[in-house]
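# can you look at this prediction? I've put the sequence above it.
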Amino acid sequence: LRLAPQPVDLVAVAQAALDAVQPLAVARNVHLAFSPGSTAIEAVSGDAGRLQQVIWNLLANAIKFTPAGGRVGVFIQPSNDHMEVRVVDTGQGISPDFLPHVFERFRQADDATTQRHSGLGLGLAIVRQLVGLHGGTVHAASQGVGCGATFTVRLPVSPGEAHVDSAALGERR
């Protein structure tokens with residue numbers, strides 16, 4: 001897998017991913033929200049297409065496991081020398097037993113509800129691999145079944161790169 005690293009505007013990448021999953025969210029009656037934060041968003045060095053794939057995959061999973069009338073949000077904010085992209089949903093959540101295995105290839109929770117959804121169990125493993133190739137980390141958190149989930153991607157900031165004034169953008173969607 002080859003990356004084409006360059007300065008990446010995470011706000012634009014997240015917006016493109018949101019636009020791509022919008023029809024799925026509409027079909028499932030799931031509300032999408034986007035908040036790029038109230039402070040300047042620093043550029044990261046990376047492959048914009050692959051980072052969009054990461055966010056798209058997290059969004060698609062969140063929408064898939066969120067019931068009708070639920071909410072999926074994307075939040076971008078600086079955190080020390082990293083940028084954080086969080087995808088937060090009000091979906092079915094992740095059991096404490098499965099949480100440590102969520103990024104493993106071909107792993108899916110054994111819950112009957114999870115088995116209703118198609119997939120091979122590769123999406124989150126691909127997310128972890130792509131984020132790692134960008135020098136970042138990804139973490140999953142959930143208070144348990146029925147409590148939603150939060151996936152946090154941390155990417156290193158590109159030193160000396162431009163930033164986006166997200167305060168001027170306001171909340172989207």
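Alright, I've got the coordinates. Numbering: from 1, shown residues only.

# buried stuff in the lengthiest helix in the chain?
Across the chain, the longest stretch assigned as helix under DSSP state H is helix 10-28. Under the neighbour-count criterion of 16 or more other C-beta atoms under 10 Å, helix 10-28 has L10, V11, V13, A14, Q15, A17, L18, V21, A25 buried. Bear in mind the C-beta positions are built from the backbone N, C-alpha and C, glycine included.

# quick check: pLDDT value at the fifth one.
According to the prediction, Q15 has pLDDT 96.

# swap in S79?
pLDDT at S79 comes out at 89.

# run a quick neighbour tally on it.
11 (other C-beta atoms under 10 Å).

# before we move on, back to that, which is the next helix or strand following the longest helix of the chain?
For helix 10-28, the succeeding helix or strand toward the C-terminus, using DSSP states H and E, is strand 31-35.

# just the buried positions in that next one, please.
L32, F34, S35.

# isn't F34 right next to V13, touching?
No. Checked against C-beta atoms under 8 Å, the pair F34 and V13 is beyond contact range at 11.6 Å.

# for this structure, which spans come out with low pLDDT?
106-120, 159-173 (pLDDT under 70).

# ranges for the helices of it?
Using DSSP H, helices in the chain cover 10-28, 48-64, 112-115, 123-133, 166-169.

# so what touches the fourth one?
In other words, helix 123-133. If you take C-beta atoms under 8 Å, 6 or more residues apart in numbering as the criterion, helix 123-133 is touched by 1, 3, 50-51, 53-54, 57-58, 60-61, 102-107, 137-138, 140, 151, 153, 155.
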